[in-house]
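*Asks:* Everything below, folded, please.
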Amino acid sequence: MSKLKLIIHREFIAKVRNKSFLIMTFLSPIFLVGMGALVYFLMKKNDEKVKEIVYVDNSELFTRDDFKDTKTIHYQDFTALGIEETKKKVEGGDYYGALIIPKQDSLEVLATAIEFYSKDSPGLSVMNSLETKIERKLRNEKLNDFGIDIEKINASKIQSNIKMFNFSGEESSKLINGLKIGVGLIAGYLLMLFVMIYGTSVMRSVIEEKTSRIVEIIVSSVKPFQLMLGKIIGNASAGLLQFLIWGILIFIITTVASSIFGIDMVEMQTAKLPAEQLEAAKQAVGIDKMQLIILEILRLPILKMFVLFIFYFLGGFMLYSSMFAAIGAAVDNETDTQQFMLPIMLPLILGVYVGFATVINEPHGSIAVLFSHIPFTSPIVMLMRVPFGVSWTELLISMTLLLVTFVFMVWLAAKIYRVGILMYGKKPSYKDLYKWLKYKG
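*Replies:* Model prediction:
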């Protein structure tokens, strides 16, 4: 055990002293927040520019009320100027574009005969806005032709907002479900990203020691299994430290954001109130949209999600890292690892795709449940499901399967590791790996 501790300590110190580790740990959160702020700022600046659109209505169907100005688009009626003169004026001026509405005998023909001219390709949002206005007007005209009262149809529209509860009385909503989806997807994607980053780090470390022949000296006093396990645990410890620092930074950022957006301790306490009292509390303190988002985040099972994230990170990382370590021991250089990487990467990628495809629409569906139990995909898919509420029975089954599979994979990887770590000069194949697995020396 003392030798294993030394290996873990050596790997941990080597990792945390690396410049890339320090940069990723402290600058990545700032960089991500800065990038998000920059994108938001650029979007706001882009929306500040008002687009001038002119229209020529030869159909005589549209009125000024059909082309009301918005915050980003202003409309001008150039019908009196004519089509050709309007095109010339738009082409030579600072206008965004010209909408040409010709005269047609039927509304069906008119719907496909309208044209839009601009110097550059128009934005998708602008065209969607124009098409919506046109479709709404032509639909109303069609209803008038049928003798249907438009005002009665508009008056009959009722917007439904179904309140969602579980049988314990906990309220849900579209906002809460959206936050659960976002948190789950981020957690699953982060796990996949870190398993790949730190797993390949273990593999490179093994290759480096093997090619420098240092490993020949190390294995003279340490068992290959201890060496492999020490590398895995040392890198996992560095990863957990990085997550801990990120958690502290996120807490600080959240605290600052709470003070900026006016969330005080009283409002935080309302997050723990029953559903019927929470709504009254929201009305009493006058919470705006941003405050409501922060408030709903506080209602998520944050502690449970954090503990399970740590467990699945360790379980998933150690499961995959054992395979990465075995590959690193089998080859002489990183180029030779490519043929073995695909079988390892596929379950990780599959877990992300399955999570995106199934958890968003049906977090408790049979496919999502199945893949949250399969050990090679459960660290990702289960983390995506946790915010939606997963029974402890399901969690215990998934966690037990992951632990058993991890122990089995470490045992298999150690058999490859102890033979491959001293093999040089030959590019290994899957047949060679199978022989090493059967080797009993």
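*Asks:* only C-alpha atoms for contact and neighbour calcs from this point on.
*Replies:* Noted.
*Asks:* low pLDDT regions in this structure?
*Replies:* For the chain, the stretches with pLDDT under 70 are 1, 36, 40, 46-48, 161, 163-177, 216, 254, 257-300, 440-441.
*Asks:* Let me see the domain layout of it.
*Replies:* Following automatic domain parsing, the chain resolves into domains at 49-149, 171-438.
*Asks:* residues in contact with stretch 113-130?
*Replies:* Defining contact as CA atoms under 8 Å, 6 or more residues apart in numbering, one finds that stretch 113-130 is touched by 87, 90-91, 96-102.
*Asks:* Once you drop chain neighbours, what's closest to the residue of the chain positioned farthest from its centre?
*Replies:* Residue farthest from the centre of the chain, counting by CA atoms, centre = their mean, is Ala80 at 51.5 Å. Nearest residue to Ala80, sequence neighbours excluded (CA to CA, 6 or more residues apart in numbering): Val56, at 7.7 Å.
*Asks:* Please tell me how far Leu185 sits from Ile30.
*Replies:* 21 Å (CA to CA, to the nearest Å).
*Asks:* more crowded one of these two?
*Replies:* The neighbour comparison of Leu185 against Ile30 (other CA atoms under 10 Å) goes to Leu185, with 22 against 14.
*Asks:* Does the residue lying closest to that one once chain neighbours are set aside lie in a helix or a strand, and which?
*Replies:* Nearest non-adjacent residue to Leu185, counting by CA to CA, 6+ apart: Met384, 5.6 Å away. Using DSSP states H and E, Met384 sits within helix 378-385.
*Asks:* Which secondary structure elements does that helix sit against?
*Replies:* The helices and strands touching helix 378-385, judged by 3 or more CA pairs under 8 Å, 6 or more residues apart in numbering; DSSP states H and E, are helix 174-211, helix 302-330, helix 338-354, helix 366-371.
*Asks:* can we see that at 6 Å?
*Replies:* Applying 3 or more CA pairs under 6 Å, 6 or more residues apart in numbering; DSSP states H and E, one finds that helix 378-385 contacts helix 174-211.
*Asks:* buried stuff in the helix it packs on?
*Replies:* Judged by neighbour count using 16 or more other CA atoms under 10 Å, the buried positions of helix 174-211 are 176, 179-181, 183-185, 187-189, 191-192, 194-196, 198-211.
*Asks:* ditto for stretch 361-377
*Replies:* So, applying 16+ other CA under 10 Å, buried residues of stretch 361-377: 363-364, 368-369, 371-377.
*Asks:* cool, stretch 219-233 as well?
*Replies:* Neighbour count says stretch 219-233 has 219, 224-233 buried, by 16+ other CA under 10 Å.
*Asks:* now swap in stretch 329-345 and tell me
*Replies:* Within stretch 329-345, the residues that count as buried by 16+ other CA under 10 Å are 329-332, 336-337, 340.
*Asks:* Pull the most distant pair out of those residues.
*Replies:* Spatial extent of these (CA to CA) is set by the pair Asp332 and Phe340 at 13.2 Å.
*Asks:* any idea which helix or strand carries the closest residue to Ile83 other than its chain neighbours?
*Replies:* Counting by CA to CA, 6+ apart, Ile83 lies nearest to Val56, which is 6.5 Å off, once chain neighbours are set aside. Secondary structure assignment for Val56, by DSSP H and E: strand 51-57.
*Asks:* From the contact counts, what lies against that strand?
*Replies:* By 3+ CA pairs under 6 Å, 6+ apart, strand 51-57 packs against strand 73-77, strand 97-101.
*Asks:* Does the spatially closest residue to Lys5 that is not a sequence neighbour belong to a helix, a strand or coil?
*Replies:* Take Lys5 and drop its neighbours on the chain: the residue closest to it by CA to CA, 6+ apart is Gly230, 7.3 Å away. Using DSSP: H, G, I helix; E, B strand; the rest coil, the structure places Gly230 in helix.
*Asks:* residues contacting Gly230?
*Replies:* By CA atoms under 6 Å, 6 or more residues apart in numbering, the residues touching Gly230 are 4, 7-8.
*Asks:* May I see the ChimeraX selection of the buried members of those residues?
*Replies:* Of those, the buried ones go into a single ChimeraX selection, burial set by 16+ other CA under 10 Å:
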select :4,7,8
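*Asks:* Filter the contacts of Gly230 down to the ones in strands?
*Replies:* The strands, defined by DSSP state E, take in nothing from the contacts of Gly230.
*Asks:* Turn the contacts of Gly230 into a markdown table, including distance to Gly147.
*Replies:* What follows is the contacts of Gly230, written out as a markdown table (distance: CA to CA, whole Å):
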| residue | distance to Gly147 |
| --- | --- |
| Leu4 | 85 |
| Ile7 | 84 |
| Ile8 | 81 |
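*Asks:* Which members of the contacts of Gly230 occur in helices, if any?
*Replies:* 4, 7-8 (DSSP state H).
*Asks:* so what's Thr200 closest to, chain neighbours aside?
*Replies:* The shortest distance from Thr200 to any non-neighbouring residue, by CA to CA, 6+ apart, is to Phe324 (6.4 Å).
*Asks:* from the buried residues of stretch 361-377, which is closest to Phe306?
*Replies:* Of all the buried residues of stretch 361-377, Ser372 has the smallest distance to Phe306: 17.2 Å, by CA to CA.
*Asks:* ok now do that closest one, which residues does it touch?
*Replies:* Here Ser372 is in contact with 378, 381-382 (criterion: CA under 6 Å, 6+ apart).
*Asks:* go again using 8 Å as the cut-off
*Replies:* By CA under 8 Å, 6+ apart, the neighbours of Ser372 are 378-382, 398.
*Asks:* For the residue nearest to it when sequence neighbours are not counted, the count of nearby residues, please.
*Replies:* Sequence neighbours aside, Ser378 is the residue nearest to Ser372 in space, at 4.0 Å (criterion: CA to CA, 6+ apart). Residues near Ser378, counting by other CA under 10 Å, number 30.
*Asks:* And Ser378, how far from Ile302?
*Replies:* From Ser378 to Ile302 the distance is 19 Å (CA to CA).
*Asks:* for stretch 304-320, the distance to its chain's centre please.
*Replies:* Computed by CA atoms, centre = their mean, to the nearest Å, the separation of stretch 304-320 from the middle of its chain amounts to 18 Å.
*Asks:* Would you mind putting the CA coordinates of the helix or strand where Asn140 lies into PDB?
*Replies:* Using DSSP H and E, the element containing Asn140 is helix 124-145. In PDB, the C-alpha atoms belonging to helix 124-145 read as follows (Å, rounded to 0.1, in the frame of the first residue of the first chain):
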ATOM      1  CA  LEU A 124     -33.300  33.800 -41.500                       C
ATOM      2  CA  SER A 125     -35.200  35.600 -38.700                       C
ATOM      3  CA  VAL A 126     -36.100  38.500 -41.000                       C
ATOM      4  CA  MET A 127     -37.500  36.200 -43.700                       C
ATOM      5  CA  ASN A 128     -39.400  34.200 -41.100                       C
ATOM      6  CA  SER A 129     -40.900  37.400 -39.800                       C
ATOM      7  CA  LEU A 130     -42.000  38.500 -43.200                       C
ATOM      8  CA  GLU A 131     -43.500  35.100 -44.100                       C
ATOM      9  CA  THR A 132     -45.400  35.100 -40.900                       C
ATOM     10  CA  LYS A 133     -46.900  38.500 -41.600                       C
ATOM     11  CA  ILE A 134     -47.800  37.400 -45.200                       C
ATOM     12  CA  GLU A 135     -49.300  34.100 -44.100                       C
ATOM     13  CA  ARG A 136     -51.400  35.700 -41.300                       C
ATOM     14  CA  LYS A 137     -52.800  38.300 -43.700                       C
ATOM     15  CA  LEU A 138     -53.600  35.800 -46.500                       C
ATOM     16  CA  ARG A 139     -55.200  33.400 -44.000                       C
ATOM     17  CA  ASN A 140     -57.400  36.100 -42.700                       C
ATOM     18  CA  GLU A 141     -58.500  37.100 -46.200                       C
ATOM     19  CA  LYS A 142     -59.300  33.400 -46.900                       C
ATOM     20  CA  LEU A 143     -61.400  33.200 -43.800                       C
ATOM     21  CA  ASN A 144     -63.300  36.400 -44.900                       C
ATOM     22  CA  ASP A 145     -64.000  34.800 -48.200                       C
END
